[in-house]
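Undergrad: Sequence first, then the predicted structure, then my questions.
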Protein chains: 2
Amino acid sequence: MQRPTIADIARRAGVSKGAVSFALNGRPGVSEATRARILRVAEEINWRPHSAARALGGARANAVGLVIARPARTLGVEPFFARLLSGLQAEFSSQSIALHLMIVEDTQAEIEIYRSWVSERRVDGLVLIDLKVRDPRIAVVEQLKIPAVVVGGPGRHGSVSSVWADDRAAMLSAVEYLAVLGHTRIAHVSGLPEFQHTQRRSRALRDAATRLALPRARSLHTDFSDAQGAAATRKLLAGAGRPTAIIYDSDLMAVAGLGVALEMGVPVPHELSIISFDDSVLAQLTHPSLTALSRDTYRFGVQAAQAMMAVLANPTKTKNHKTETPRLIARESTSPTRN
Amino acid sequence: MQRPTIADIARRAGVSKGAVSFALNGRPGVSEATRARILRVAEEINWRPHSAARALGGARANAVGLVIARPARTLGVEPFFARLLSGLQAEFSSQSIALHLMIVEDTQAEIEIYRSWVSERRVDGLVLIDLKVRDPRIAVVEQLKIPAVVVGGPGRHGSVSSVWADDRAAMLSAVEYLAVLGHTRIAHVSGLPEFQHTQRRSRALRDAATRLALPRARSLHTDFSDAQGAAATRKLLAGAGRPTAIIYDSDLMAVAGLGVALEMGVPVPHELSIISFDDSVLAQLTHPSLTALSRDTYRFGVQAAQAMMAVLANPTKTKNHKTETPRLIARESTSPTRN
DNA sequence: TCCCTCCACTAGACCGGTTTATCATTGCCA
DNA sequence: TGGCAATGATAAACCGGTCTAGTGGAGGGA
């Protein structure tokens, strides 16, 4: 027999298709005895649901969509994505939900994909990452009426649930730590300025600088690449009155920056302290190892997935989940100023 | 109006559903004039195909499945996966094919997922990675009659297409390079022994050792984690007659090994040369930077995707695609022996 | 005993496409 | 002019489920 269908089950069990459907989906309408018999027959002939047929009737796709709008190569270089992805997937897997993944060039293409996935019923929900300032995707998912979770709030994301970490508090703790060590000239090599988390970090730095009366606390924007991270470092270290401490928005850039410093003959940590705003093996394997604002990105992914499943279960109830604040792990790349 | 269907188009264009279907799929059965009119109406009411309805009729799912059977966390740590994934996805995206991704615990679970995806028509094809010796998945995909591509042949993968790199030649080039530099005690910190590529590399090392009359050419197996890479290094360096060169099966382990060597006071490259059997920023950012067998993993992913699409286009025609052989890029971690 | 309700189950419509069988025209050739 | 094939289009079946309206029979209360 080709692929068994519920009609086959119905015939063998001597009942109707409807009864089989009820039995297989655990809903009332059949007696326990009949249900057991139907389930046994289904097992016997190794029946599997046909997702397409189910979806036609308006049922779940059992998949969640994730679109990444960055150059495809960065996915491979940036550890953050891979770890987030594995956390997301691990949690979804436990509910047999697959991840529908696509990498596109820009936000406009991302929105197109959302529209087509939703209209084709390919996914039950969407996970949005890299929340931007005035992000156009928010309006789109609200209009499409599809359950969604934003990774990286809180911000203006309307009625959409979010999962976020307190970047501001993390940045403040890093600056205060450096201030206690005697640093006054602190620089920040940040990511793309249109991202909300980049803005929050930059703003936190400015606020802390004002409060602690630190001069020259400035943020240099990059595209998150190691190349631009290195270039920013070179620029910072070449100028007069160079910083005694640099905070990098990713471990990749921090490692690149460390390389530049050593290459330029600036000893770390003796003349330059380095903090990475993200932790991974990368930060731990360098010499000196990097002081980092550490959080469990894998777990962050797990929490995002849980938030998604909560919204799927009850689309009307949205919520902002605050996750653990990245906390400073002091390693070898920071020390008191010599002064 | 709710979601427009072809029935809506048919009504507005004054034709039948069948004609609309023919027109939209560019097949004969309608005149050019009618086709143009139908397409215009479809455009007007912003019609999108309903993938589920299509799939019911036996059409394409426009998605390819990838299951990774390793602990979810390694996906985030191992740069190889992420780069492969981005290459795959980039190529698939160009044909609007999505990647259906799932991470599972073991091969058995992986096989279960294959069965359910295929029977639910969720995917048009499968990409298999981490080919093992006598891999049970091969028989499964052949039995399921689903187009598949194995990443990392050649080996016993029956009628399934494969994409592979010549690990053997790469390993030989690395060993010969070390031999020319005067190294005679060469060790190999490898990955899981059940993987075919691990075996090919170990065997190539043994063969080269025999041919070049090198004593003590041995392979130590690990699980690819940085922890086991470090442990293997510690073991190698602590013993008497320690190796003067170590080849690591991944850049992650190589970086971890480098850390151990420096920690144990073994200067690199003066007393120990290190080669990484995989290249990435990781290998380039360390000090000293790592000599590596480099290949474009992103491109490897692109080629795997192309092979997949070739099989999708013509399932009967399978082929083994050999990709570029990793070539040695000499950096700072290798030098002649002092002798 | 009659009527009503509840339960277990059935028949069949339905979801949105694809595909096949059929039909009406038209054009061509003998 | 008749016969036949090719063309353009239609109606209806079909894919494999879900879901709703409806049916028959058992049980309970008056």
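TA: Yep, it's here. Numbering: from 1, shown residues only, chains lettered A, B, ... in the order given.

Undergrad: Which single residue of the stretch 201-339 of chain A ends up nearest DNA strand C?
TA: Of all residues in the stretch 201-339 of chain A, residue A:315 sits closest to DNA strand C, at 19.6 Å by Cβ to the nearest atom of the strand. Yep, even glycine has a C-beta here, placed from its N, CA and C like the rest.

Undergrad: and that residue, how many neighbours?
TA: 15 (other Cβ atoms under 10 Å in any protein chain shown).

Undergrad: dump the residue contacts of the nearest residue to it once chain neighbours are set aside.
TA: The spatial neighbour of residue A:315 that comes closest, neighbours along the chain excluded (Cβ to Cβ, 6 or more residues apart in numbering or on different chains), is residue A:147 at 5.0 Å. With contacts defined as Cβ atoms under 8 Å, 6 or more residues apart in numbering or on different chains, residue A:147 is in contact with A:124, A:125, A:126, A:308, A:311, A:312, A:315.

Undergrad: Need the max-distance pair from those.
TA: Farthest pair in those (Cβ to Cβ) is A:126 and A:315. Separation: 12.2 Å.

Undergrad: give the contact list for whatever residue of the stretch 151-300 of chain A ends up closest to DNA strand D.
TA: Nearest residue of the stretch 151-300 of chain A to DNA strand D (Cβ to the nearest atom of the strand) works out as residue A:161 at 24.6 Å. Residue A:161 sits next to A:148, A:149, A:150, A:307, A:308, A:310, A:311, A:318, A:319, A:320, A:321 when contact means Cβ under 8 Å, 6+ apart.

Undergrad: Check the secondary structure at the residue of the stretch 201-339 of chain A closest to DNA strand C for me.
TA: Classification of residue A:315 using DSSP: H, G, I helix; E, B strand; the rest coil returns coil.

Undergrad: interface residues of chain A facing DNA strand C?
TA: A:14-19, A:22, A:28-31, A:33-35, A:53, A:56-58 (Cβ under 7 Å from any atom of the strand).

Undergrad: coming back round to it: which members of the contacts of residue A:147 occur in strands, if any?
TA: A:125, A:126 (DSSP state E).

Undergrad: element containing whatever residue of chain A ends up closest to DNA strand C?
TA: Here the residue of chain A nearest DNA strand C is residue A:18; by Cβ to the nearest atom of the strand that distance is 2.9 Å. Taking DSSP states H and E as the definition, residue A:18 sits inside helix A:17-24.

Undergrad: Check which residues of that helix are buried.
TA: Within helix A:17-24, the residues that count as buried by 16 or more other Cβ atoms under 10 Å in any protein chain shown are A:19, A:20, A:21, A:22, A:23, A:24.

Undergrad: Which residue ranges of the stretch 51-200 of chain A form helices?
TA: Ranges of helices in the stretch 51-200 of chain A, per DSSP state H, counting those that start in this stretch, are A:51-56, A:72-77, A:79-94, A:107-119, A:136-144, A:167-180, A:196-212.

Undergrad: Check the average confidence over the longest one, would you?
TA: In this model, helix A:196-212 has a mean pLDDT of 93.

Undergrad: Point out where the stretch 1-150 of chain A drops to low pLDDT.
TA: Confidence mapping of the stretch 1-150 of chain A against pLDDT under 70 gives the ranges A:1-2, A:57-60, A:71-77, A:120.

Undergrad: re the thing from before, burial-wise, tell me which of the helices of the stretch 51-200 of chain A comes out on top.
TA: Mean neighbour count (mean count of other Cβ atoms under 10 Å in any protein chain shown) peaks for helix A:79-94 among the helices of the stretch 51-200 of chain A, with a mean of 24.

Undergrad: tilt between that one and helix B:79-94?
TA: 80 degrees (axes from the mean of the first three to the mean of the last three Cα atoms, to 10 degrees).

Undergrad: Helix A:79-94 vs chain B: in contact?
TA: Yes: counting by Cβ under 8 Å from any Cβ of the partner chain, contacts between helix A:79-94 and chain B involve A:79, A:81, A:82, A:83, A:84, A:85, A:86, A:87, A:89, A:90, A:93.

Undergrad: rewinding a little: ok, the residue of the stretch 201-339 of chain A closest to DNA strand C to residue A:309 distance?
TA: With distances taken as Cβ to Cβ, to the nearest Å, residue A:315 is found 12 Å from residue A:309.

Undergrad: just residue A:245 next, same as before
TA: For residue A:245 relative to residue A:309 (Cβ to Cβ), the value is 41 Å.

Undergrad: higher neighbour count, those two?
TA: Neighbours of residue A:245 and residue A:309, each counted by other Cβ under 10 Å, are more numerous for residue A:245; the result is 28 against 19.

Undergrad: In the stretch 201-339 of chain A, mark out all the strands, start to finish.
TA: A:218-221, A:245-248, A:273-276, A:291-294, A:320-322, A:327-329 (DSSP state E, counting those that start in this stretch).

Undergrad: Buried residues in the last one, which are they?
TA: Of the residues in strand A:327-329, those buried by neighbour count under the rule 16+ other Cβ under 10 Å are A:328, A:329.

Undergrad: One more: stretch A:181-198?
TA: A:181, A:183-192, A:195-198.

Undergrad: from what I can see residue A:121 touches residue A:61, true?
TA: Yes: Residue A:121 lies in contact with residue A:61 (Cβ atoms under 8 Å); the separation is 5.7 Å.

Undergrad: Now residue A:179. Nearest residue, chain neighbours left out?
TA: Per Cβ to Cβ, 6+ apart, closest to residue A:179 is residue A:212, 5.2 Å.

Undergrad: Revised request: answer the last question for residue A:300.
TA: Nearest to residue A:300 is residue A:323, by Cβ to Cβ, 6+ apart, at 5.8 Å.

Undergrad: for residue A:207, what are its contacts?
TA: Contacts of residue A:207 by Cβ under 8 Å, 6+ apart are residue A:172.

Undergrad: picking that back up, over to the residue of the stretch 201-339 of chain A closest to DNA strand C: give its phi and psi.
TA: phi -60, psi -20 (degrees, to the nearest 10).

Undergrad: ok, it to residue A:117 distance?
TA: 17 Å.

Undergrad: before we move on, what about residue A:311?
TA: As judged by Cβ to Cβ, residue A:311 and residue A:117 stand 16 Å apart.

Undergrad: re earlier: mean neighbour count, the strands of the stretch 201-339 of chain A: which tops it?
TA: Most buried among these, counting by mean count of other Cβ under 10 Å: strand A:245-248, with a mean of 29.

Undergrad: what's in contact with that one?
TA: Residues contacting strand A:245-248 (Cβ under 8 Å, 6+ apart): A:171, A:174-175, A:178, A:181, A:183, A:185-189, A:205, A:229, A:233, A:236, A:254, A:257, A:272-277, A:334.

Undergrad: How far away from the center of its chain is it?
TA: Averaging C-alpha positions (Cα atoms, centre = their mean, to the nearest Å) puts strand A:245-248 23 Å from its chain's average.

Undergrad: Let's see it as CSV, backbone CA atoms only.
TA: This file holds the C-alpha atoms of strand A:245-248, laid out as CSV (Å, rounded to 0.1, in the frame of the first residue of the first chain):
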residue,chain,number,x,y,z
ALA,A,245,39.9,51.0,28.1
ILE,A,246,37.7,49.8,25.3
ILE,A,247,34.4,48.1,25.5
TYR,A,248,33.5,46.0,22.4
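
Undergrad: That one pairs with which strands, parallel or anti?
TA: Here strand A:245-248 has these sheet partners by DSSP bridges: strand A:186-190 (parallel), strand A:273-276 (parallel).

Undergrad: follow-up on the earlier one: ok, now which ones touch the residue nearest to residue A:179?
TA: Taking Cβ under 8 Å, 6+ apart, we find residue A:212 in contact with A:175, A:176, A:179.
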